[in-house]
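Undergrad: Have a look; sequence and predicted model below, questions after that.
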Amino acid sequence: MNKVILMGRLTRDPEVRYTQTNNTLVASFSLAVNRRFVRQGEERQADFINIVAWSKLGEFCSKYFKKGQQVGVIGRIQTRTWDDDQGTKHYITEVVAEEAYFADSKREGDGNNAFENTFGNTAPGNMGADFEVSSSDDLPF
């Protein structure tokens, strides 16, 4: 099974490009994901993870995700290679996003997002339009 769940802060705004073969949108960004433990006397370490999101999810990420926001991403790890113009082989490991979520609290975000919490694998025909966000005052716990 190849499943990755990450939560971190965007290190830059998503970058959009289109494939040459069929003009499909691809958004690329990276997340700074804090490591779980901190060594005594040291600062918290973070890993910087490259993320790619395709088509509608890529469009969502490019439109609503901004540098510094905390987001959650669910996807799979992919490794690929290519040769540059000089014939040097390059390797890259990245996460292909299948779902993406806002992870900032409403107080931290600007509150102007059209989708308050999520975009990803939702039921067919229900792309989050019926998702209702209640204020934290309404929660039973």
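TA: Nice, thanks for sending it over. Numbering: from 1, shown residues only.
Undergrad: The residue in the chain sticking out farthest from the centre: what secondary structure?
TA: Largest separation from the mean C-alpha position in the chain: residue 86, at 32.4 Å (CA atoms, centre = their mean). With DSSP: H, G, I helix; E, B strand; the rest coil as the basis, residue 86 sits in coil.
Undergrad: List the buried residues of stretch 35-55.
TA: Neighbour counts over stretch 35-55 (16 or more other CB atoms under 10 Å) mark 49, 51, 52, 53, 54 as buried. Glycine gets a C-beta too; all of them are placed from N, C-alpha and C.
Undergrad: Filter the residues you listed down to the ones in strands?
TA: Under the assignment DSSP state E, the buried residues of stretch 35-55 contribute 49, 51, 52, 53, 54 to strands.
Undergrad: Kindly state the pLDDT recorded for the last one?
TA: Looking at residue 54, its pLDDT reads 97.
Undergrad: Now it. Nearest residue, chain neighbours left out?
TA: Counting by CB to CB, 6 or more residues apart in numbering, the nearest residue to residue 54 once its immediate chain neighbours are dropped is residue 26, at 5.7 Å.
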